[in-house]
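Colleague: sequence unknown, structure follows:
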């Protein structure tokens, strides 16, 4: 009897080994040599209905594995391995970018303040000798020098208040009535000149939350997707929860991708800024709510899912065009728009590949392990999000230096 059991085990190993790629033969078992502990990969026709999604991927499916084996399968080869790792690596990439941005990307005015103020001081001191030779000129020069050198120690001081202090101290120092009119003209001229010189150094750093909201949305999307592809094979209930989480992550990525361009483009136009932010947030919430419907995950709604997310991303064309109308003369606007167009192309191409199931529909069974549409979709999503990260850096530098 034992001999018969051993013979069955050997036959099963040989049969399953021949079905698998050469580099995986002999590695498909778990820990025990008992047939009941083998968690085999199955073909598409053997899957329960809730796991059937792409009929062009024929083999190497996990089906209703225990949770422990499902978790450990992250280190084995099956048709979801690259789906898990493409977005898991993307998650760690954006985690590193978030830490880098928080610790290494400087607040531009903080870096430039001392250098700018030294330039302002040298320029102002160079122009003062050309002014009328008045008795209190040296004292005035000394006060201006002291005031300018102390700006970096008082970051909260208003540049308008600084100009008032520097100009208001001048009239009462000069008692000559004949010079009073000329001095007032001089004061106004100096005030205008100093405003133009000091203003760039006194701009406060703008809010970072839209940029970090995008980074958070990207990390949530990538981690949710990776978790979904790893755990959905466990049971019907887990698959339902994981798919809802995956769709919510996609909606979060698309929504938060609009926050940096909308906020930084229209921060000086609060009506449009609030309008666009509210619009994209409502669209994101509506998409998540619609994705909670059980029918939404059916294979026949695959094109509808892709179209809904694609349309949600397409809605961003309106604020981008509006930005170009307002800032057509600004190189930063054109630079960021180039990044955003590239991001849209990558996202759109990913949605198209996902919906059409190219290339596996051309050669069913040839792309079961690597190269099928969902893996390409994942790579394009990470590339698009990374492109948008660079656009966000341009926005930060632009608004940090110039404000409104």
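Modeller: Nice, thanks for sending it over. All values reported here derive from a predicted model rather than from experimental measurement.

Colleague: mind checking the SS state of residue 260?
Modeller: helix (DSSP: H, G, I helix; E, B strand; the rest coil).

Colleague: Please apply the same query to residue 371.
Modeller: coil.

Colleague: Also the one 10 residues further on?
Modeller: At residue 381, secondary structure determined by three-state DSSP is helix.

Colleague: Where do the helices of the stretch 301-404 of the chain begin and end?
Modeller: Listed in chain order, the helices of the stretch 301-404 of the chain (DSSP state H, counting those that start in this stretch) span 302-314, 317-326, 331-356, 373-402.

Colleague: Identify whichever of these lies nearest to residue 103.
Modeller: helix 373-402 (14.4 Å; C-beta to C-beta). The way it works is simple: take the backbone N, C-alpha and C, and place the C-beta from them, glycine included.

Colleague: so how far is residue 303 from the closest residue in space to residue 342 that isn't next to it in sequence?
Modeller: Among residues not flanking residue 342 along the chain, residue 387 sits closest, at 5.1 Å (C-beta to C-beta, 6 or more residues apart in numbering). Here residue 387 is placed at a distance of 26 Å from residue 303 (C-beta to C-beta, to the nearest Å).

Colleague: now do residue 371
Modeller: Going from residue 371 to residue 303 by C-beta to C-beta gives 22 Å.

Colleague: Next, the contact list for the residue nearest to residue 342, please.
Modeller: Contacts for residue 387 (C-beta atoms under 8 Å, 6 or more residues apart in numbering) come out as 339, 342, 343, 346.

Colleague: Can you pull out the low-pLDDT segments for the chain?
Modeller: 1-38, 106-205, 296-300, 302, 305-306 (pLDDT under 70).

Colleague: Please, where are all the helices along the stretch 151-300 of the chain?
Modeller: Going by DSSP H, counting those that start in this stretch, the stretch 151-300 of the chain shows helices at 159-168, 177-202, 209-231, 236-265, 270-291.

Colleague: circling back: just among the contacts of residue 387, which is most surrounded?
Modeller: Comparing the contacts of residue 387 by number of neighbours (other C-beta atoms under 10 Å), residue 343 comes first, having 23 neighbours.

Colleague: I'd guessed residue 395 sits against residue 211; true?
Modeller: Yes. Using C-beta atoms under 8 Å, residue 395 is in contact with residue 211, at 7.5 Å.

Colleague: that older thread, got TSV for the helices of the stretch 301-404 of the chain, with distance to residue 291 too?
Modeller: Converted to TSV, the helices of the stretch 301-404 of the chain look like this (distance: least, C-beta to C-beta, whole Å):
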stretch	distance to residue 291
helix 302-314	8
helix 317-326	23
helix 331-356	15
helix 373-402	17
